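# Any chance you can model this:
(2 chains)
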Amino acid sequence: MANTADSISREEYFYGHKACAGCGGSLAVRAALKVLGKNAVSVLPAGCMSAVGFNFPQLCFSNNSIISTFAGTASMLTGVEAGLRARGFKDFTAVGFAGDGGTADIGIQALSGAIDRNDNIIYICYDNEAYMNTGIQKSGLTPFGAKTTTTPAGKNIHGNIRPKKNMFEIAAAHDIPYAATASVGYIDDFIAKVRKASQIQGTKYIHVIAPCPTGWGVPVDETVNIAREVVDSGLWYLAEYENGEFKLNRKPKEFTSVADYLKKQGRFRHLSDEDIDIIIKSRDKKWEYIGKNFKFD
Amino acid sequence: MSRKFLSGNEAFAEGIRLARPQVISAYPITPQTIVVERLSEMVEDGSLSAEYVHVESEHSALSCAIGASAAGARAFTATSSQGLLYMAECLYYASGGRFPIVMMNADRSTALPWNIYGDQRDSLSQLDSGWIQAYAENAQEALDLALMSYKIAENKDVSTPFMANLDGFVLTHTYEPVDIPDREQADKFLPPYETDNRIDFENPKNMAFSAGPDTNYIFKFKEHEGVLAARDVIAETEKEFAEIFGRKYTGLVENYLTEDADYILVTLGSIAGLCRETADKLRAEGIKAGVVRIRYMRPFPHREIAEALKNAKAYGVLEKDISFGSEGTVYTNVNSALKKADVNIKGYNFIGGLGGRNISASDIEDIFDGISKGTSNVNFIGIGGDSNG
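You can find the predicted model right below:
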């Protein structure tokens, strides 16, 4: 089956919400639910997608959906899955959509617990690289150098001083049945991974880069392009973890310019040449690691 | 029916087995741990058919139970003390979502200083979380509450989670002979959980949503009415329970010799037995003493307490709790009930048992002495009145 946007359902399950124009997170949720269909039960923590979609009486999910506590995406998924199974249902998918803060910071304990139990759930982290819902504060997945409202870029400190936590490899370290990275810029790859996850028993973790034009400082029609460029420049990579092995899905022959990627975003505009050099070195180190440890067909 | 020699924890677990929860989220904490241990054994031996989930924290324990309840399953969890505080966010979530989860709480002191022994500061700090709160006195009542709790919580007019409180160690770890109902009778008493407040694949739902200023207060009013509706449902449930199992309970309070009492001690939990014995002793000496045991802190027995105390000369409230800078929370609640009913008698607060400190029979005699002769408003047993006078 082709995994293009045309191959998925014309049905809309996440529609009529009030996400910002160009929202990458809503694109990820919309596409994933089209793959999983009407028997998907979505769990979303307090965050962008619940804030834009769940305002009584304007409720925009046409599949069963529920907001969890901020820290409780994975634990509520566990309960939903166990409860439906206990009631005799078999044909359903419990899927979580949590942001980067909800996943890598406050929700990581519950996520680790769910993977440890190997609960039969799909957990999708839509990563827009900061707490966007509350107004662009630094999360554990904010990249080095990014300006946020809690990591201001000044003379003394140039934005965020720490690199992104590697949630993909943290999930894999649990020996999870399936983990993958993705980007809404490569939607066919994301769709294929959601479809694959839906056919695997046990816990599945998909980490999808989902740009936020509001927080990143890019035009609203640039979401998909910038989500491609982060992959093409080598600052993100498309990969899978399965059967104990890492696999790289896409290997750029030549990286596009990191400086170009950074400079077109408001959040990075302040970076010095030295800062950009640190980012390039860190990318190269990561790709050296990938070259040694990831398979590539 | 069979009779076994069980601790409070084990009795409660037996009651839960009879209630047939479909999902149990389990996390250990002293002195609750034995409940989740026994339930795991029941699942292992096949006498309880439930999904037993080993969660990694109390926050996840209740979050998981909420998810299970939203899926339409009967859910159970148990906790104590710091665990209850750690899951506090989820308490409000469960009640606001009208998910009739049952949770046993082993009443235990809260840190700091660390202490694993019993007092009631954990659960009483969560009175405003929207849960029904019951306090058992003995192991038999604990078992019976476990069975009745689901019937009360799941009633369509109530639809509210239920916290059954057992005094840590004094009740959770004390062994008593307990009558265990037959499974057939338990099934007759408690049918499977049915609700519209659940995931539905025919008519998909958006659950646990946001509600802005225009509608939020309506949901809150309904939540309040739900807890209040439990008043009648508790009475009906206990009536049906007595018809099937032969054991009678007395609703939100249990009165002892209050009808003609001059001095009444209001309390809750397992200390009530010693209070009644002391009342008997004082009666033999010619002092008309009585005891009100509060069985439910939510819904609060406003009318029942006013009715029991209206002809007394003075009363005291004995509780294992203090709201720092004010007074014991039970005392505050009792005073409010009396004020609303225009019952104007002297009342005194007695704080005891914090961190598991023993409350002796002579302590309770001293309390009655204080009630009859007058004392400070707020008294710490063994220390004296606070600086508020």
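
# Against A:Arg30, how distant is A:Arg10?
12 Å (CB to CB, to the nearest Å). Placement of C-beta: from N, CA and C, glycine included.

# neighbour-wise, which of these two wins?
A:Arg30 (18 against 6; other CB atoms under 10 Å in any protein chain shown).

# Not counting its neighbours along the chain, what's nearest the more buried one?
Excluding its sequence neighbours, the residue lying closest to A:Arg30 (CB to CB, 6 or more residues apart in numbering or on different chains) is A:Phe14, at 4.8 Å.

# Now do the contacts for the residue of the stretch 251-389 of chain B at minimum distance from chain A.
Chain A sits closest to B:Arg298 of the stretch 251-389 of chain B, with a gap of 21.9 Å, by CB to the nearest CB. B:Arg298 is in contact with B:127, B:131-133, B:227, counting by CB atoms under 8 Å, 6 or more residues apart in numbering or on different chains.

# change it to 6 Å
Contacts for B:Arg298 (CB atoms under 6 Å, 6 or more residues apart in numbering or on different chains) come out as B:132-133, B:227.

# out of those residues, which one sits closest to B:Ala341?
Within the contacts of B:Arg298, the smallest distance to B:Ala341 is 20.0 Å, found for B:Val227 (CB to CB).

# quick one: secondary structure of the closest one?
On the three-state scheme (DSSP: H, G, I helix; E, B strand; the rest coil), B:Val227 is labelled helix.

# What parts of chain A come near chain B?
When proximity is defined as CB under 6 Å from any CB of the partner chain, chain A approaches chain B at A:39, A:41, A:54-56, A:59, A:61, A:63-67, A:69, A:71-72, A:75-76, A:78-80, A:82-84, A:86-87, A:110, A:113.

# Filter the residues you listed down to the ones in helices?
If you go by DSSP state H, the residues of chain A next to chain B have A:75-76, A:78-80, A:82-84, A:86, A:110, A:113 in helices.

# out of those residues, what pair is the most spread apart?
A:Ala86 and A:Ala110 (19.9 Å).

# Bridged to the residue nearest to A:Arg30, which residues?
A:Phe14 has the following beta-bridge partners by DSSP bridges: A:Phe61.

# wouldn't it be in contact with A:Leu27 here?
No - A:Phe14 sits out of contact with A:Leu27 when judged by CB atoms under 6 Å, with a separation of 9.6 Å.

# A helix includes B:Leu318, no?
No - applying three-state DSSP, one finds B:Leu318 to be strand, outside a helix.

# can you count the residues close to it?
B:Leu318 has 29 neighbouring residues, counting by other CB under 10 Å.

# Whichever of the residues of chain A next to chain B end up buried, select them in PyMOL.
Command for PyMOL that selects the buried part of the residues of chain A next to chain B, burial taken from 16 or more other CB atoms under 10 Å in any protein chain shown:
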select buried, chain A and resi 41+54+55+59+61+63+64+65+66+67+69+71+72+75+76+78+79+80+82+83+84+86+87+110+113
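
# give me the low-pLDDT residue ranges for chain A?
Scanning chain A for pLDDT under 70 picks out the ranges A:1-3, A:5.

# Which parts of it are strands?
All strands of chain A, identified by DSSP state E, fall at A:40-45, A:54-56, A:58-59, A:65-68, A:93-99, A:122-127, A:178-183, A:204-209, A:239-242, A:245-248, A:294-295.

# what about A:Gln109, distance to A:Gly72?
10 Å.

# for the stretch 51-200 of chain B, what spans make up the strands?
Assigned strands in the stretch 51-200 of chain B, in chain order: B:51-54, B:75-79, B:102-107, B:132-135, B:162-167, B:175-180 (criterion: DSSP state E, counting those that start in this stretch).

# Arrange the ones you listed in JSON lines, one row each, with distance to chain A as further columns.
Below are the strands of the stretch 51-200 of chain B laid out as JSON lines (distance: least, CB to the nearest CB, whole Å):
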{"stretch": "strand B:51-54", "distance to chain A": "4"}
{"stretch": "strand B:75-79", "distance to chain A": "7"}
{"stretch": "strand B:102-107", "distance to chain A": "14"}
{"stretch": "strand B:132-135", "distance to chain A": "21"}
{"stretch": "strand B:162-167", "distance to chain A": "17"}
{"stretch": "strand B:175-180", "distance to chain A": "24"}
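
# most neighbours per residue, which of the ones you listed?
Neighbour counts (mean count of other CB atoms under 10 Å in any protein chain shown) averaged over each of those peak at strand B:75-79, with a mean of 31.

# Any buried residues in the longest helix along chain A, and which?
Assignment by DSSP H gives helix A:273-293 as the longest helix of chain A. Neighbour-count burial for helix A:273-293, counted by 16+ other CB under 10 Å, picks out A:275-276, A:279-280, A:283, A:286-287, A:290.

# Contacts for that helix, please.
Under CB under 6 Å, 6+ apart, the answer for helix A:273-293 is A:145, A:158, A:234-235, A:246, A:248, A:258-259.

# make it 10 Å
Contacts with helix A:273-293, where a contact means CB atoms under 10 Å, 6 or more residues apart in numbering or on different chains, come from A:143-145, A:153, A:158-159, A:163-164, A:166, A:169, A:233-237, A:239, A:245-246, A:248, A:251-252, A:255, A:257-259, A:261-263, A:268, A:271-272, A:294, A:296.

# Filter these down to the buried ones and express that as a PyMOL selection.
Of these, the buried ones can be selected in PyMOL as follows, counting by 16+ other CB under 10 Å:
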select buried, chain A and resi 143+144+145+153+158+159+164+169+233+234+235+236+237+239+246+248+255+258+259+261+262+268+271+294
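
# and the contacts of helix A:273-293, which of them are in helices?
A:169, A:258-259, A:261-263.

# coming back round to it: as JSON lines, the strands of the stretch 51-200 of chain B with mean pLDDT and distance to A:Gly135 would be great.
Listed next are the strands of the stretch 51-200 of chain B as JSON lines, based on pLDDT from 0 to 100; distance: least, CB to CB, whole Å:
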{"stretch": "strand B:51-54", "mean pLDDT": "98", "distance to A:Gly135": "35"}
{"stretch": "strand B:75-79", "mean pLDDT": "98", "distance to A:Gly135": "35"}
{"stretch": "strand B:102-107", "mean pLDDT": "98", "distance to A:Gly135": "36"}
{"stretch": "strand B:132-135", "mean pLDDT": "98", "distance to A:Gly135": "38"}
{"stretch": "strand B:162-167", "mean pLDDT": "98", "distance to A:Gly135": "36"}
{"stretch": "strand B:175-180", "mean pLDDT": "98", "distance to A:Gly135": "56"}
